[in-house]
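Student: okay, predicted coordinates and the sequence, questions at the end:
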Amino acid sequence: MFFQVFGIACILMIVIAIYALAISLFREARIFFYTGLTGFLVLSLVVLSISNRNLTETGLSQLFSLILSFLLLPIFLAIPTLIILPSTTFIDAYLDMVSVFTTTGLPVFEREFLTKPIHLWRALTAWFGGGLIWIAAFVVLLPANFGGSEDFSNKKGSVLSNRKLTLDERSTTLVKVSQRLIPLYFGLTIALWGLLAAFGTDGYTSLIRALSVISTSGISGPEKLGLDGAGFFGELAIVLFLFIALSHNILKFLIKQVRVKTIVSDVEVRLGLFIILSMTVLLSFKQLIQDNFYSELNDKYGDFFELIWGNFFTIFSFITTTGYVSSFWNVFSSANDISHTTIILIGLCLFGGGVATTAGGIKLLRISILFSAFSNETGKLLHPSSVSGANNHMKSLEISVFMAWIFFMLFIVTLAGLTIILAIFEMLFEDAIVLAVACLTTTGPIIEVIGLDKLLISDLSFIPKLTLAVGMVLGRLEILVVLSLIAFGFKRA
């Protein structure tokens, strides 16, 4: 699996070389082309050396290959950036590629410092990483009961209950899932690209925007969202496509596996929309009661609509861990709102999107399960004499609550650990916790929204940068996956 991903990365480098050649950036074209060609040469030698062996991957080895892809492949992906950009260290280039490949979108370099091929390369790499985690969620993580699937695979009637896939079934599943998801992934990207271009964004910027939205990486390219010319209709199109990151059932609906009724009753969709609407009302009300609001509004209903839409779009973007900010965001807010807005945005990132999607965070399904457990325990306190019957639903709920609580505690402990490590190296506690949240929830653009120093990441030493890279991989693959491999290694030892 690792070498298959490596081969696709080489192909993407050739694509960027063709684009750089088309816009007459011949040096960048040569660098991308030669790097991709070198990758193909190395891959050919590896394939030749193992051509007489029949290699098969078990579920555990696929998990290991997935981790290697997110840790080692960015070393190869960072070579063009390292050569093209002057005065760039390897750790900065590596951290940037880990950031985009894990769909975090952490701004390591300043936007004006990057050339157009590198902007497209970052967006394309993030899109590739999002597609990889999308397929892995159904092929690797779902059969292994990871990535959130452990919360519903124990239910009655689940085909994954008490059974592991064989090697033949695993290979067949990979082919079937890829045949369904890859055309859909391409189709959604091209559709959004066309819509944004039709609404006034130039083809280059709309392509970067489409790649970033589908992968929820939040990479904006050379221009910010409000300056691309698409306006309200462009943001509306982005919101429609971000619905895919709220629930895995929306994806199943697109490939005609479930009906609309399933989406309406889906816990992730309902909880996600409830949080989005609640936070939109809260922020809008907070801005409405400001003393200078009425003087700035000037009796214009359009400005009132812009206020609500800016809050709605930005909140929707952050709960899907994309991190885009509406061009109408904070039109009427003051500097006094930064503190509570920061807490709200961090909370939205921590909630995250749906399981088996490109979104990060704790995930809405786990939040819903923990809330259900809280409601049940509260009911027992209010009615201690009540007797609940023993049924399969309660047993499956207890298992789901146990797994959700374990992941939640591991997430909090990892967040605290990252914050402590960053704070040890002379970083302010507030900055450290924001960076830790950005990495573990794969929402890198939050540090720009909050207003942290642009040179904050580049000024870090080697150890904090390496810690951020590991944190982004942990946030992308989720901590349970890594801990399971570590536990297996101790058992083998």
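Tutor: Arrived safely, thanks for sending. Since the structure is predicted, the reported quantities are computational estimates derived from the model, not experimental observations. Numbers count the residues shown, from 1 in each chain.

Student: tell me where the stretch 351-493 of the chain is predicted with low confidence.
Tutor: The stretch 351-493 of the chain contains residues with pLDDT under 70 at 386-399, 480, 483-493.

Student: keeping just the C-alphas, turn whatever helix or strand residue 270 lives in into PDB.
Tutor: Residue 270 is part of helix 267-288, with elements assigned from DSSP states H and E. Taking C-alpha atoms only, helix 267-288 is exported to PDB below (Å, rounded to 0.1, in the frame of the first residue of the first chain):
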ATOM      1  CA  VAL A 267     -27.400  11.600  14.400                       C
ATOM      2  CA  GLU A 268     -24.300  13.300  13.000                       C
ATOM      3  CA  VAL A 269     -26.200  15.500  10.600                       C
ATOM      4  CA  ARG A 270     -28.800  16.600  13.200                       C
ATOM      5  CA  LEU A 271     -26.200  17.300  15.900                       C
ATOM      6  CA  GLY A 272     -23.900  19.100  13.500                       C
ATOM      7  CA  LEU A 273     -26.700  21.400  12.200                       C
ATOM      8  CA  PHE A 274     -27.900  22.000  15.800                       C
ATOM      9  CA  ILE A 275     -24.400  23.100  16.800                       C
ATOM     10  CA  ILE A 276     -24.000  25.300  13.700                       C
ATOM     11  CA  LEU A 277     -27.400  27.000  14.100                       C
ATOM     12  CA  SER A 278     -26.900  27.500  17.800                       C
ATOM     13  CA  MET A 279     -23.500  29.100  17.500                       C
ATOM     14  CA  THR A 280     -24.700  31.200  14.600                       C
ATOM     15  CA  VAL A 281     -27.600  32.600  16.700                       C
ATOM     16  CA  LEU A 282     -25.200  33.100  19.700                       C
ATOM     17  CA  LEU A 283     -22.600  35.000  17.700                       C
ATOM     18  CA  SER A 284     -25.200  37.000  15.800                       C
ATOM     19  CA  PHE A 285     -27.000  38.000  19.000                       C
ATOM     20  CA  LYS A 286     -23.700  39.000  20.600                       C
ATOM     21  CA  GLN A 287     -23.000  41.300  17.700                       C
ATOM     22  CA  LEU A 288     -26.500  42.700  17.600                       C
END
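
Student: who touches that helix?
Tutor: The contact list for helix 267-288 (Cβ atoms under 8 Å, 6 or more residues apart in numbering) reads 246-250, 263, 293, 307-308, 311-312, 315-316, 319, 332-333, 337, 340-341, 344, 348, 351, 353-355, 364-365, 367-368. Placement of C-beta: from N, CA and C, glycine included.

Student: tally of neighbours for residue 71?
Tutor: Using other Cβ atoms under 10 Å, residue 71 has 15 other residues around it.

Student: report the contact partners of it.
Tutor: So residue 71 contacts 98, 473 (Cβ under 8 Å, 6+ apart).

Student: what about it, which helix or strand?
Tutor: Using DSSP H and E, residue 71 maps to helix 59-77.

Student: and for residue 401?
Tutor: For residue 401, the host element (DSSP H and E) is helix 392-424.

Student: the inter-axis angle of the following helix or strand past that helix versus helix 392-424?
Tutor: For helix 392-424, the following helix or strand on the C-terminal side (DSSP H and E) is helix 429-440. Put simply, helix 429-440 runs at 130 degrees to helix 392-424, going by axes from the mean of the first three to the mean of the last three Cα atoms, to 10 degrees.
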